[in-house]
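S.K.: Using only what follows, build the 3D model:
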Amino acid sequence: MSATPRHRRWVSAGLMLGLMLSVLLGGLLLSPLGARAQDKAATPAEVRQLWPTPHLQGQARLRFIGLHIYDIRLWLQEPLRGSAWGQQPLALEIAYARNLDGVKIAERSLTEMKRGGAVDEATAARWLAEMKRIFPDVKAGDRITGVYQPGLAAAFLHNGRPLGEVRDTRFAQAFFGIWLAPHSSEPQMREQLLGAP
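M.R.: Below you'll find the model as predicted:
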């Protein structure tokens, strides 16, 4: 039995709505997450510059309503023991599978950062301004790597080139906590990144 023109319009409208939502929401930590490990790939040059022999702790894939948004990998100098990620330097590498707006990425990041606890209005405005200044629009195939420096800063690179840094310890903890803290909105992704069974 073939689909009626009306039915085809509804299916087409549903697919278009799904695509629009994935782009408008910025592609960061949308639920539900259909995370799964990706194949190991070469260590990016910016990570090799941090440590002579970096360790790939874990990796995951973000999907939203079936669409591949990005792959993410957690790099460390040495394997993480337990879940005390905030005490050692690390790099989170995000490889984007679709075009996303930098402002939307910043706005979604701030929403997720607030999950870790109350953030006063002035601090939230400052953090958002910093992220809007740093985060570029990305296209499929681009990578943004965030480098966490405990007690110091969060630095960001786009396809291996420096974008800038935020020298604010609380910002750095909150930003990387999006993926690694117990309050992450994506616990399955957190487990895959930290290497939990």
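
S.K.: Mind checking what secondary structure F156 has?
M.R.: Assigned by DSSP: H, G, I helix; E, B strand; the rest coil, the conformation of F156 is strand.

S.K.: Identify the bridge partners of it.
M.R.: In this entry, F156 is beta-bridged to G146, G164, by DSSP bridges.

S.K.: F175: what's its closest spatial neighbour, skipping adjacent residues?
M.R.: In this structure, F175 finds its nearest non-sequential neighbour in A154, 5.4 Å apart by CB to CB, 6 or more residues apart in numbering. All C-beta spots, glycine's among them, are computed from the backbone N, C-alpha and C.

S.K.: Also Q57?
M.R.: Once flanking residues are discounted, Q57 sits nearest to L74: 4.4 Å by CB to CB, 6+ apart.

S.K.: Remind me which helix or strand that neighbour belongs to.
M.R.: Using DSSP states H and E, L74 sits in strand 67-76.

S.K.: Other residues contacting the following helix or strand past that strand?
M.R.: Next helix or strand after strand 67-76 toward the C-terminus (DSSP H and E): strand 90-96. With contacts defined as CB atoms under 8 Å, 6 or more residues apart in numbering, strand 90-96 is touched by 27, 44, 46-47, 50, 54, 57, 69-76, 138-148, 176, 179, 193.

S.K.: Only the buried members of those: can you turn that into a PyMOL selection?
M.R.: Buried residues among the contacts of strand 90-96 (16 or more other CB atoms under 10 Å), as a PyMOL selection:
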select buried, resi 27+44+46+47+50+54+57+69+70+71+72+73+74+75+76+138+142+143+144+145+146+147+148+176+179+193
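
S.K.: residue ranges of the strands in this structure, please?
M.R.: 55-64, 67-76, 90-96, 143-149, 153-158, 161-166 (DSSP state E).

S.K.: could you give the angle of the last one to strand 143-149?
M.R.: If I follow you right, that is strand 161-166. Counting by axes from the mean of the first three to the mean of the last three CA atoms, to 10 degrees, strand 161-166 lies at 40 degrees to strand 143-149.

S.K.: Buried residues in strand 161-166, which are they?
M.R.: Neighbour counts over strand 161-166 (16+ other CB under 10 Å) mark 163, 165-166 as buried.
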